[in-house]
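# Dropping the sequence and predicted coords here.
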Amino acid sequence: MKKLLLIATGGTIACCETENGLSPALSGTELLHFIPQLSDFCTVDVCDLMQLDSTDLTADDRLAMAQAVRHDADQYDGFVIAHGTDTLAYTAALLYHLLADLTKPVVLTGSMLPMGASSSDAPRNLLDACRVAADGRAGVVAVLCGKILPGNRVVKFHSTQIDAFLSAGALPLGTVGADGKVRWDIPAAPPAPSAPAALDPHVLLIKLTPDLEPTFFSALHGYPKVILETFGAGGIPARLEHAVRALIESGTRVYITSQCTAGGVHLHHYAVGRRAEALGAISLGDRTTEDALAAVMCGEI
């Protein structure tokens, strides 16, 4: 029988109603009480790492999750992280890089409704996550609404509906059926030979708008790394080119990603993209915004 570790971090899945609204309160052990079926296929220990709304999580908190997994990597067959849905995609992407060399499964899950609420998605999601972790396939994934999503492709596209997540730019890796069976549709990739040794959270993400003032960029001079979320296949508007050039010359490393959910950046398609490349801006390809941020924070690009 597989032995898993549940790392509880708070989020809606652990929320209870208070006079100030929903707030994380349930421990990992209390979450497990709602899914007695676990005893059929695994044993689960609990690590109550933190109890936060995922909006409040920082890079240090996410690093603590990675460290908790590594600390016990030899003691467990797999890991499940119970997490809030609002920033689950950011955590999944960062852990995808920080734990790239791990030979164990790390499965993130959460819920749109609290555990114990009427018609909550929490019991199914947590149970499915444990099933995927017990299945043994290495890598960081998210499991929600029966879908197994690659950690670097997770996107939350809806703020209220139960099925709120998708795999951007790639098919889901597989599914967990109503019968509890884990089905993989995409072959497993081997673990990476190594993972990033350091994490630098000093990365600023800026969404371009059609009328953004060029003077805005002068306030960023010398900031270590800036990601510009640009339009379509990528490019810098002509009226901003001088400002972005000055930003790069100040020592700031500037990256380009796309505001589109899928398709990515292709700086060679249009003149505006080629001009951005000539300025020294770096394409982030078809990465999601969350994965682009994670890769830059980890120093991979």
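Alright, I've got the coordinates.
# C-alpha from now on. contacts and neighbour counts both.
OK.
# could you show me where the strands are in the stretch 101-250 of the chain, in order?
105-109, 139-144, 147-150, 154-156, 165-167, 174-176, 182-184, 203-207, 225-230 (DSSP state E, counting those that start in this stretch).
# between the first one and strand 139-144, how many degrees?
For strand 105-109 and strand 139-144, the angle between their directions (axes from the mean of the first three to the mean of the last three Cα atoms, to 10 degrees) works out to 30 degrees.
# Now tell me what touches strand 105-109 from outside.
Outside strand 105-109, the residues that touch it by Cα atoms under 8 Å, 6 or more residues apart in numbering are 77-83, 85, 88, 92, 125-126, 129-130, 132-133, 136-144.
# and that strand, which strands flank it?
Each strand that pairs with strand 105-109, with its direction, by DSSP bridges: strand 78-82 (parallel), strand 139-144 (parallel).
# what's the answer for the fifth one, then?
According to DSSP bridges, the neighbouring strands of strand 165-167, each with its direction, are strand 154-156 (antiparallel).
# For Ala133, which non-adjacent residue is closest in space?
Excluding its sequence neighbours, the residue lying closest to Ala133 (Cα to Cα, 6 or more residues apart in numbering) is Gly78, at 5.0 Å.
# Tell me the buried residues in the host helix or strand of Ala68?
For Ala68, the host element (DSSP states H and E) is helix 59-71. By neighbour count with 16 or more other Cα atoms under 10 Å, helix 59-71 contains the buried residues Ala59, Asp61, Arg62, Leu63, Met65, Ala66, Ala68, Val69.
# residues touching the fifth one, list them.
By Cα under 8 Å, 6+ apart, the contact list for Met65 reads Ile7, Leu49.
# and if you look at Asp121?
Asp121 neighbours (Cα under 8 Å, 6+ apart): Ser111, Met112, Leu113, Pro114, Met115, Cys145, Ile162.
# let's see it at 7 Å
The contact partners of Asp121, taken as Cα atoms under 7 Å, 6 or more residues apart in numbering, are Ser111, Met112, Leu113, Ile162.
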